[in-house]
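Student: fold the following for me, if possible:
(one chain, ligands or ions: 2)
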Amino acid sequence: MADIHPATATPILAEPQVIRRADYRPPDWWVKTVALEFDLDLSATKVSATLEIERNGEHDRPLRLDCDGVLPLTLTIDGMAANWRHEGDQIAIDISAPTATVHLTTTIAPDTNTQLMGLFASNGMLCTQCEAEGFRRIIPFVDRPDNMAVYEVLLRADKTRFPVLLANGALVDSGDLEDGRHYARWHDPHPKPSYLFALVAGDLVATRDHFTTRSGAPVDLAIYVRAGDEGRTAHAMQALKASMAWDERVYGLEYDLPVFNIVAVSDFNMGAMENKGLNIFNSRYILADPDTATDYDYDAIEGVVAHEYFHNWSGNRVTCRDWFQLSLKEGFTVYRDQCFSADMGSEAVKRIEDVRMLRATQFPEDAGPLAHPIRPDSYMEISNFYTSTIYNKGAEVIRMMATMAGPERFRAGSDLYFQRHDGEAATCEQFVRAMEDGAGLDLGQFRHWYEQAGTPQVQARLEHDADSATATLHLRQRFSPTPGQPDKPLMPIPLRTALIDRDMKAHRGEQLVMLAQAEQSVTFTGFARPPVLSINRGFSAPVTMDVARRSGDLLFLVRHDDDPFARYEALQQLVIDRLIADIGEEGAASERAAGLEDIVSVFGDLVSDQRLDDSMRTEILSLPTEAFLGEQMLIVRPEAIHSARRALRKAIGTRLLDQWRIVHERASAVHYSLSREARGARKIKSLALGYIASSEAPDAGKIAFAQFASADNMTDRQGAMMVLASMAGDERESALDSFYNRYQGNALVIDKWFSLQTSSAHPKVYEQTLELIQHKDFTLTNPNRVRALYWPFVSNQAEFHHASGRGYRLLTDLVLRLDPVNPQTTARFIAPLGRWRRFDEARAAMMRGCLEQILAQPGLSKDTTEQVMKSLE
Ligand code: B3K
Ligand code: ZN
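Tutor: Numbers count the residues shown, from 1 in each chain. Ligands and ions are numbered 1, 2, ... in the order given. Purely as a prediction, here's the structure:
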């Protein structure tokens with residue numbers, strides 16, 4: 001086996017090299033066409049590649065091919081054996097002619113590839129993940145997104161073990177070979193970068209459907225899963241067809257191949273991958289039926305299927321020139337999938353969910369040592385830059401352009417972008433220019449949103465003058481320094497604003513106020529009495545707002561604002577102010593805090609407010625997380641936050657107990673369906689159950705167990721299980737056991753079983769987590785399982801930040817064990833330790849100590865090294 005190059009992590013010995021955006025140069029040689037042949041086998045796959053290459057310009061530099069753990073076993077140039085030399089993580093070959101045919105062969109071992117990058121094995125099947133730099137783990141190549149080539153792929157494999165053979169594009173030939181083997185030849189006519197290459201081989205079954213594009217082209221659709229899972233693909237297929245129709249209707253973009261294949265795999269580093277014509281998915285974003293998937297899972301599937309489909313244009317037809325432009329495809333595609341999901345369901349609820357996600361993941365990133373602009377200037381390991389900033393803040397930046405332009409002009413901008421850059425590898429700057437030219441926007445100052453890290457802070461104050469009957473809005477923007485960016489230029493911040501009349505409980509129309517200067521005032525006329533300020537409606541700008549507003553005004557907005565997001569926001573602010581005051585923090589928030597009576601009373605009104613549907617009602621009545629409350633404080637106090645929030649939940653639960661019982665009963669009477677009403681009923685049902693449990697009503701355990709036991713769907717079952725998991729008593733144990741026994745063997749549901757326990761507020765959650773790490777179903781080689789166990793624990797603020805430091809040690813132990821197996825997944829777990837500056841000295845010292853211990857580990861991956869080094873800076 002000496003000629004096999006196992007795809008293991010390359011240990012790094014020195015500090016990883018920094019790659020800079022300013023150093024971009026086009027490649028010295030283009031690869032124009034690629035013919036690949038694979039003899040597929042779990043432990044030894046033979047790969048051969050024939051590359052037609054072309055010198056780029058006048059120079060005598062060698063052809064350089066990127067490689068990571070694979071070297072050529074044979075290499076010829078125009079049929080003649082050629083010499084190559086190793087230069088860092090590339091091989092170099094001298095070539096004198098302007099064009100040449102390069103042929104190389106190698107052998108790789110997919111079954112030892114635990115990093116899940118390149119070609120890897122999962123449950124006996126073979127599949128690839130090449131973004132960002134996985135292709136170089138299959139064959140040495142010009143592995144960068146600006147090299148776009150046409151691919152033809154010949155797959156050969158044992159017919160019994162790998163009856164299905166898939167690659168990008170369309171099948172052009174297939175047939176049987178000797179010795180029980182068979183072959184399939186695929187051709188993709190669209191030039192693409194290597195990161196979009198994919199192949200799949202396995203024993204899979206397909207669910208099939210059809211779509212006809214607006215111009216009449218037929219498309220065969222298929223979703224491939226393991227036998228037994230085919231009954232759980234209908235929702236994903238439905239989402240795919242809806243996405244295809246939506247992109248035609250909203251963006252005028254049609255699909256461009258005769259087949260669209262999706263494959264679900266259980267071992268996958270992220271959600272899914274948009275390979276041209278062959279999307280590969282983490283099975284959690286494909287498989288769903290009412291018994292195993294929650295309503296939330298259904299929505300996530302719809303969103304991810306749409307996201308990957310939309311990449312066919314925003315990512316594949318127009319790709320990225322280099323990885324610094326990642327947000328060009330990711331920010332835009334997230335914005336597109338957000339709008340799609342809003343259209344499919346409730347726009348208001350979707351906006352709240354997206355903002356909640358942004359605040360939970362991106363705002364902390366922007367305020368910490370890993371802060372970076374949506375178009376970064378440098379990186380060590382590109383896998384570390386698939387961040388909430390690139391994705392979610394990137395989407396907010398596109399959304400601001402859409403808000404400023406309005407729908408029609410935004411569409412004109414996007415039309416121009418696709419028309420200008422179709423078939424190209426483009427830059428963020430080119431997107432902005434297309435928006436300027438097509439939408440007629442001046443985005444000169446707006447470009448700072450691409451360059452600058454950190455969340456802008458906006459202060460707003462409304463001043464009323466009775467004599468002139470005017471209201472003047474005073475605005476100010478501020479920025480905190482972020483790593484490498486001590487001073488920041490001013491940004492244009494679009495704020496959707498309305499001034500609401502106190503008597504009429506209405507406004508005269510919303511305005512878009514552009515805050516572009518450090519301080520700015522806008523005067524509104526015709527206000528004899530002071531109106532109530534509603535600002536950053538719909539969360540039109542990704543900023544933190546500090547609005548000088550009395551609690552009475554917030555209570556007014558909760559009751560009367562016609563912008564659903566603003567209503568949600570007003571109640572969140574009331575609750576945050578109250579909790580900050582309860583924790584004993586001084587400052588403006590505490591001073592303006594409403595009394596508990598007022599908060600309970602507004603909750604009571606909203607529980608039965610007829611203008612709200614149940615889904616929106618649940619969003620509004622959910623308390624902010626402990627982690628989000630921590631974000632509001634200079635120094636996070638985990639125990640104080642935990643007990644203050646718990647006390648408020650108990651008060652709301654106890655005082656409104658009768659109402660929660662009524663809501664729970666009303667919602668329990670609604671039969672299961674996927675209608676909006678039924679889904680809303682399930683959502684409010686588990687929220688009501690949570691408040692009943694918080695009230696410590698003696699029958700709470702019984703009600704929760706009854707919901708668990710009688711549930712005919714996963715939403716109700718998991719909702720009840722979440723409440724039970726935090727309670728003491730027999731009901732908890734018996735529900736957990738029955739849940740486990742019922743779903744043993746269903747990996748996605750067993751993931752839930754792990755998460756339910758490690759996210760709970762049970763006093764013994766730490767001990768339970770230790771036991772789960774030893775559970776026979778726990779494994780480090782499946783990223784879903786690792787995340788299912790550890791991520792809820794790490795996000796469980798009071799537990800992870802336990803004063804003893806035991807939470808930090810538990811995470812450190814994971815990082816040290818997981819890094820040699822899967823560096824990409826490991827590196828994601830560094831950020832929670834990197835937040836040490838926000839904690840008291842004792843905790844900060846322990847968190848730093850853990851980071852130092854990790855850095856001292858010999859052979860630590862480049863991925864983890866980068867995150868730890870930045871976190872310690
Ligand atoms: N483009 C992929 C992400 C690839 C991540 C590589 N580390 C999925 C997506 O954003 O659609
Ligand atoms: Zn994406």
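Student: spit out the contact partners of M714.
Tutor: 290-294, 297, 749, 752 (C-beta atoms under 8 Å, 6 or more residues apart in numbering). For glycine as for every other residue, the C-beta is placed from the backbone atoms N, C-alpha and C.
Student: buried ones among those residues?
Tutor: 290, 292-294, 297, 749, 752 (16 or more other C-beta atoms under 10 Å).
Student: taking those residues one by one, which sit in helices?
Tutor: Mapping the buried ones among the contacts of M714 onto helices (DSSP state H) picks out 297, 749, 752.
Student: just confirm the second one contacts Y740, I think it does.
Tutor: In other words, V749. No: V749 is not in contact with Y740 according to C-beta atoms under 8 Å; the separation is 9.2 Å.
Student: who in this protein is up against ligand 2?
Tutor: 330, 333 (C-beta under 5 Å from the ion).
Student: one more time with 6 Å
Tutor: Residues of the chain lying close to ligand 2 by C-beta under 6 Å from the ion are 307, 311, 330, 333.
Student: residue contacts, the nearest residue to the third one once chain neighbours are set aside?
Tutor: Taking C-beta to C-beta, 6 or more residues apart in numbering as the measure, E330 lies nearest to Y391, with 4.9 Å between them; neighbours along the chain are not counted. Listed by C-beta under 8 Å, 6+ apart, the contact set of Y391 reads 327, 330-331, 334.
Student: okay, these in JSON lines with neighbour count and pLDDT next?
Tutor: As requested, the contacts of Y391 are exported to JSON lines (neighbours: other C-beta atoms under 10 Å; pLDDT from 0 to 100):
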{"residue": "S327", "neighbour count": "28", "pLDDT": "98"}
{"residue": "E330", "neighbour count": "24", "pLDDT": "99"}
{"residue": "G331", "neighbour count": "27", "pLDDT": "99"}
{"residue": "V334", "neighbour count": "26", "pLDDT": "99"}
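Student: and which of the residues you listed is nearest to F197?
Tutor: E330 (18.9 Å; C-beta to C-beta).
Student: counting neighbours, which bits of the one helix or strand the closest one maps to end up buried?
Tutor: If you go by DSSP states H and E, E330 is part of helix 326-344. The neighbour-count check on helix 326-344 (16+ other C-beta under 10 Å) flags 326-342, 344 as buried.
Student: and if you look at stretch 580-599?
Tutor: 580-583, 585, 589-590, 592-594, 596, 598-599.
Student: same check on stretch 397-411?
Tutor: 397-405, 409-411.
Student: closest one of those to D503?
Tutor: So of the buried residues of stretch 397-411, ranked by how close each gets to D503 (C-beta to C-beta), first place is T403, at 29.9 Å.
Student: what pLDDT is listed against the closest residue to R661 other than its chain neighbours?
Tutor: Nearest in space to R661, with sequence neighbours left out and distances taken as C-beta to C-beta, 6+ apart, is I692 at 6.6 Å. I692 is assigned a pLDDT of 98 by the prediction.
Student: now do the same contact list for I692.
Tutor: Contacts of I692 by C-beta under 8 Å, 6+ apart are 653, 657, 660-661, 664, 700, 703-704.
Student: show me the helices in the stretch 401-550 of the chain, by range?
Tutor: Taking DSSP state H, counting those that start in this stretch as the test, the helices found in the stretch 401-550 of the chain are 407-421, 428-439, 448-451.
Student: columns distance to E733 on top of those, output as a markdown table?
Tutor: Converted to a markdown table, those look like this (distance: least, C-beta to C-beta, whole Å):
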| stretch | distance to E733 |
| --- | --- |
| helix 407-421 | 54 |
| helix 428-439 | 53 |
| helix 448-451 | 51 |
